[in-house]
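Chemist: sequence isn't available, so here's the structure alone:
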Ligand SMILES: Cc1ncc(COP(=O)(O)O)c(C=O)c1O
């Protein structure tokens, strides 16, 4: 008699394996509060309501809780309703979508912009569409590029060359290895959020010009924070006009939701006409588009928040260094504490939350490579100096006084728990 495949067994075993390897994903359910950000409430293991400081949100400037952004979203929801009711092609393009695209194009000093429901979708759709439609297009992709970039490049089966992270010598060698006539696209990020590194965009653009390649930069962790008007690293490095395609998000520093690309009119019109992930999905809620415009206007006008973000990040990074905690050297607003073992990382994160009321989600595979688990700590523009000192002191205690400096010890504890 044939043995029937057990789907249930498949899921059970796969989940068990994830748990054994410390790679199972636990989400903290938070009761996010606009008025008290970064502090929030949650229900702890003893079913009691507890308070914690959020130290891993991408709401870098707390724009999701900005009074004017909230007011705009509320006003437009009242006026037009919640959902857009259609794809961009079929009844889903409103004045708010068009105004937001114009705002984004101007911000990035580009002719046009195109909205997507996330930067993830913008990456997948744009890269796949370019790969499928430009015959023989070769991708040159930084090895640390985000999952959405990898997914986009994989989806179109074009030839790809992966260059070592931020390594221009390697990139140039790879560019030289293909015919000069071949169409090429260099894809990279401006701020790598899991490595806290920043790309040298002018140098990449110079190589692109030398070898007749297009450039595509993911500015998801740059927009809203860097540059005179907060348009990102390309603005900071004074190279905006020379980058061909910019990808950004409305969901992080801008505090709303959605993603986009910006570039030359014809290229944007082409993706608008051909990109499956743009065409076949309901457009962003109009109120979200309107709120994003307000948020960008605030960011452009007020650089105080941006300054505060960097002052806070620097203070925190200095306090960790003073306390002897290894962090990845960085010029960015992101603080990475490498841990290694996913299990150890989860343990530290649990202790931070349960004993100190500090929420730092452990970062594990596949977000980072296996055995490269880390704490990715975000100190927003709204964390107070007292909170920053408290967070640094608490980590210090875990590292030194609580005896957890020996990371091996974490593994030993966990292995014996798992074995027992
Ligand atoms: C580098 C990078 N690109 C793209 C994305 C996707 O952005 P979104 O959340 O808008 O989909 C992320 C999100 O985490 C990211 O880190």
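Modeler: Okay, I see it. This one's a predicted model, so the numbers in the text were calculated from it and none came from an experiment.
Chemist: how close does the nearest residue to residue 396 once chain neighbours are set aside get to residue 371?
Modeler: Of all residues not flanking residue 396 in the chain, residue 323 sits nearest, at 4.1 Å (CB to CB, 6 or more residues apart in numbering). Bear in mind the C-beta positions are built from the backbone N, C-alpha and C, glycine included. For residue 323, the distance to residue 371 (CB to CB, to the nearest Å) stands at 25 Å.
Chemist: neighbour count: the two, which is higher?
Modeler: Taking other CB atoms under 10 Å, residue 323 and residue 371 do not tie; residue 323 has more neighbours (14 against 11).
Chemist: got the residues of the stretch 101-250 of the chain near the ligand?
Modeler: 118-120, 123, 146, 148, 189, 193, 218, 220-221, 249 (CB under 6 Å from any ligand atom).
Chemist: out of these, who has the most neighbours?
Modeler: Of all these, the most densely surrounded is residue 218 (31 neighbours; neighbours counted as other CB under 10 Å).
Chemist: coming back round to it: so for the residues of the stretch 101-250 of the chain next to the ligand, which is the shakiest by pLDDT?
Modeler: Lowest pLDDT among these: residue 193, with 93.
Chemist: show me what stretch 219-236 is in contact with.
Modeler: For stretch 219-236, contacts defined as CB atoms under 8 Å, 6 or more residues apart in numbering pick out 58, 60-61, 63, 107-109, 119, 146, 189-193, 198-199, 201, 217, 240, 243, 246-249, 252-254, 259, 296, 299-300, 303, 306, 309, 332-334.
Chemist: just those: which are in strands?
Modeler: Judged by DSSP state E, the subset of the contacts of stretch 219-236 located in strands is 189, 191-192, 198, 217, 246-249, 259, 334.
Chemist: which pair in those spans the largest distance?
Modeler: Spatially, the most separated pair among those is 198 and 259, at 20.5 Å (CB to CB).
Chemist: quick one: the strands in the stretch 1-150 of the chain?
Modeler: 30-31, 39-43, 49-54, 112-116, 138-142 (DSSP state E, counting those that start in this stretch).
Chemist: okay, those strands in JSON lines with mean pLDDT next?
Modeler: Output for the strands of the stretch 1-150 of the chain, formatted as JSON lines (pLDDT from 0 to 100):
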{"stretch": "strand 30-31", "mean pLDDT": "93"}
{"stretch": "strand 39-43", "mean pLDDT": "96"}
{"stretch": "strand 49-54", "mean pLDDT": "97"}
{"stretch": "strand 112-116", "mean pLDDT": "98"}
{"stretch": "strand 138-142", "mean pLDDT": "98"}
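Chemist: just put those strands in TSV and tack on mean neighbour count.
Modeler: Putting the strands of the stretch 1-150 of the chain into TSV (neighbours: other CB atoms under 10 Å) gives the following:
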stretch	mean neighbour count
strand 30-31	12
strand 39-43	16
strand 49-54	18
strand 112-116	24
strand 138-142	24
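Chemist: for those, give me a markdown table that also has distance to residue 347.
Modeler: Below are the strands of the stretch 1-150 of the chain laid out as a markdown table (distance: least, CB to CB, whole Å):
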| stretch | distance to residue 347 |
| --- | --- |
| strand 30-31 | 20 |
| strand 39-43 | 19 |
| strand 49-54 | 17 |
| strand 112-116 | 37 |
| strand 138-142 | 32 |
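Chemist: for stretch 79-92, buried residues please.
Modeler: 80, 84, 88, 92 (16 or more other CB atoms under 10 Å).
Chemist: okay, now the nearest residue to residue 94 once chain neighbours are set aside: neighbour count?
Modeler: Of all residues not flanking residue 94 in the chain, residue 286 sits nearest, at 4.5 Å (CB to CB, 6+ apart). Residue 286 has 25 neighbouring residues, counting by other CB under 10 Å.
Chemist: one more: residue 117?
Modeler: Per other CB under 10 Å, the neighbour tally for residue 117 reads 20.
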